[in-house]
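**Q** model this:
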Amino acid sequence: MLTWLLRRLFQALFVVFAMTVIVFIGVHVIGNPVDILISPEADQAERARIIADLGLDQPLWQQYLTFVNDALHGNLGRSFVFNEPALKLIAGRMPATLELAVTAVLLSIVFGVPLGLYAGLKPNGLLGRAIMAGSILGFSLPTFWVGLMLIMVFAVQLGWLPSTGRGQTAMLFGLQWSFLTWDGLRHMAMPALNLSLFNISLVLRLTRAGVRETLPMDFVKFARAKGLSPARVIFVHVLKNIMIPVVTVVGLELGSTIAFAVVTESVFAWPGMGKLIIDSINVLDRPVIVAYLMLIVLLFITINLLVDILYTVLDPRVRLEGKR
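**A** Purely as a prediction, here's the structure:
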């Protein structure tokens, strides 16, 4: 187990190094922030001074080595626009995005697993067919359109929920969180639901497919032959086996939800990382873009590692393979 974990950590470090090269070069070959940040009325001397202050007068390989050296010391660059550390800017927006994404993933589990379980146990029933038909809408409807419809119905027509903003927040661990206040929960309801629709459909269909595949297996028939109650057969034997692919998808979707919450945050004016990265792209604020992308890379790698560890807990075959 220890050897396997060390091997996975080495692979993760290699991926991080490779992504630093790809992200840094990819961002620096797209556009020139000098054309946006420096006024056209500035003279040549002023222009050269600003370029030197930003470090853009150095060759690309030297800029990359400087970035790696600073990153190893916890510094991912300084924003061209805000003149603040990029990591500080992102960290200030991170709680808003994290609580929105985690809430969306929890909703996908709370709704997706029970609905998929029911649709798998009763695939020919009217409700089971309706659930599967409804899941297609979760895949098909555009996120921005669903968000606008939610605002129109629940905020404009009914007046039940606020349409934009984060609402009242409360302090926890030195950070501001919306889920700790009732007003914050009301502000979070629509964007979290909008962000979770695709994940609900995905988890639902995955759970349903797993149930249909697991029910005819011999160990389920043996459990029923022993006289176990239907609830025990389903929740202990069937559900535990189908949770392996579900854990994989939920883990990866958590990273995807955090990374691609841009549309939802823009529609509901949610002050998270997505809105920050859109603003940074518009002005080619390279340090913020690179820092954001590197944090997303680290997030995906960490989630993948945690999913692999959960595999060893859920599936004995993985533990045996690791020992061999």
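
**Q** can we go C-alpha only for contacts and neighbour counts from here?
**A** Noted.

**Q** lowest-confidence helix or strand of this protein?
**A** Least confident helix or strand of the chain, by mean pLDDT, DSSP states H and E, is helix 316-323 with a mean of 52.

**Q** what's the local residue count around L228?
**A** The number of residues packed near L228 is 12, by other CA atoms under 10 Å.

**Q** and if you look at A86?
**A** 23.

**Q** residue numbering should commence at 50 henceforth.
**A** All right, first residue 50 from here; so that's A135.

**Q** can you list contacts of the one helix or strand M220 maps to?
**A** In the assignment (DSSP states H and E), M220 maps to strand 219-221. Strand 219-221 is contacted from outside by Q225, W226, S227, L229, T230, using CA atoms under 8 Å, 6 or more residues apart in numbering.

**Q** same question for stretch 201-216.
**A** With CA under 8 Å, 6+ apart, stretch 201-216 has contacts from 145, 200, 227, 232-233, 235-239, 317-320.

**Q** so which of those residues is the closest to L301?
**A** A145 (19.5 Å; CA to CA).

**Q** surely that closest one touches P320?
**A** Yes: assessed by CA atoms under 8 Å, A145 is found in contact with P320 at 6.6 Å.

**Q** between the two, who's got more neighbours?
**A** Using other CA under 10 Å as the criterion, A145 and P320 rank with A145 on top: 23 against 19.

**Q** host element of the more buried one?
**A** Judged by DSSP H and E, A145 forms part of helix 135-170.

**Q** how about A120: what's its closest non-neighbour residue?
**A** G126 (7.9 Å; CA to CA, 6 or more residues apart in numbering).

**Q** for that neighbour, which residues are in contact?
**A** F116, D119, A120, P134, A135, L136, P336, V337, A340.

**Q** now the two most distant members of the residues you listed.
**A** Counting by CA to CA, the most remote pair of those is D119 and V337, 14.1 Å apart.

**Q** neighbour count: these two, which is higher?
**A** Relative neighbour count places V337 above the other of D119 and V337, with 29 against 13, counting by other CA under 10 Å.

**Q** packing partners of the helix holding A145?
**A** helix 175-189, strand 224-226, helix 231-263, helix 288-308, helix 322-331, helix 335-363 (3 or more CA pairs under 8 Å, 6 or more residues apart in numbering; DSSP states H and E).

**Q** distance from that helix to the middle of the chain?
**A** 8 Å (CA atoms, centre = their mean, to the nearest Å).

**Q** and stretch 244-263, by the same measure?
**A** Mean-position distance between stretch 244-263 and its chain equals 18 Å (CA atoms, centre = their mean).

**Q** average pLDDT for stretch 120-134?
**A** Taken as a whole, stretch 120-134 has a mean pLDDT of 77.

**Q** hmm, I typed the wrong one, I wanted stretch 169-187.
**A** For stretch 169-187, the per-residue pLDDT averages 84.

**Q** export it to PDB, keeping only CA atoms.
**A** Presented in PDB, the C-alpha positions along stretch 169-187 are these (Å, rounded to 0.1, in the frame of the first residue of the first chain):
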ATOM      1  CA  GLY A 169     -33.000   0.600 -11.800                       C
ATOM      2  CA  LEU A 170     -35.300  -1.400  -9.500                       C
ATOM      3  CA  LYS A 171     -38.400  -0.600 -11.400                       C
ATOM      4  CA  PRO A 172     -37.300   0.200 -15.000                       C
ATOM      5  CA  ASN A 173     -40.600  -0.500 -16.600                       C
ATOM      6  CA  GLY A 174     -42.700   1.500 -14.200                       C
ATOM      7  CA  LEU A 175     -44.300   4.800 -15.200                       C
ATOM      8  CA  LEU A 176     -42.300   6.700 -12.600                       C
ATOM      9  CA  GLY A 177     -39.000   4.900 -13.600                       C
ATOM     10  CA  ARG A 178     -39.500   5.900 -17.200                       C
ATOM     11  CA  ALA A 179     -40.400   9.500 -16.200                       C
ATOM     12  CA  ILE A 180     -37.200   9.700 -14.200                       C
ATOM     13  CA  MET A 181     -35.100   8.500 -17.100                       C
ATOM     14  CA  ALA A 182     -36.800  10.900 -19.500                       C
ATOM     15  CA  GLY A 183     -36.300  13.800 -17.100                       C
ATOM     16  CA  SER A 184     -32.600  13.000 -16.800                       C
ATOM     17  CA  ILE A 185     -32.200  13.700 -20.600                       C
ATOM     18  CA  LEU A 186     -33.300  17.300 -19.900                       C
ATOM     19  CA  GLY A 187     -30.500  17.700 -17.300                       C
END
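
**Q** count of residues packed around the residue nearest to L147 when sequence neighbours are not counted?
**A** Once flanking residues are discounted, L147 sits nearest to I307: 6.7 Å by CA to CA, 6+ apart. A count of neighbours around I307, defined by other CA under 10 Å, yields 25.

**Q** what of K275?
**A** Residues near K275, counting by other CA under 10 Å: 9.

**Q** so how far is R281 from it?
**A** 12 Å (CA to CA, to the nearest Å).
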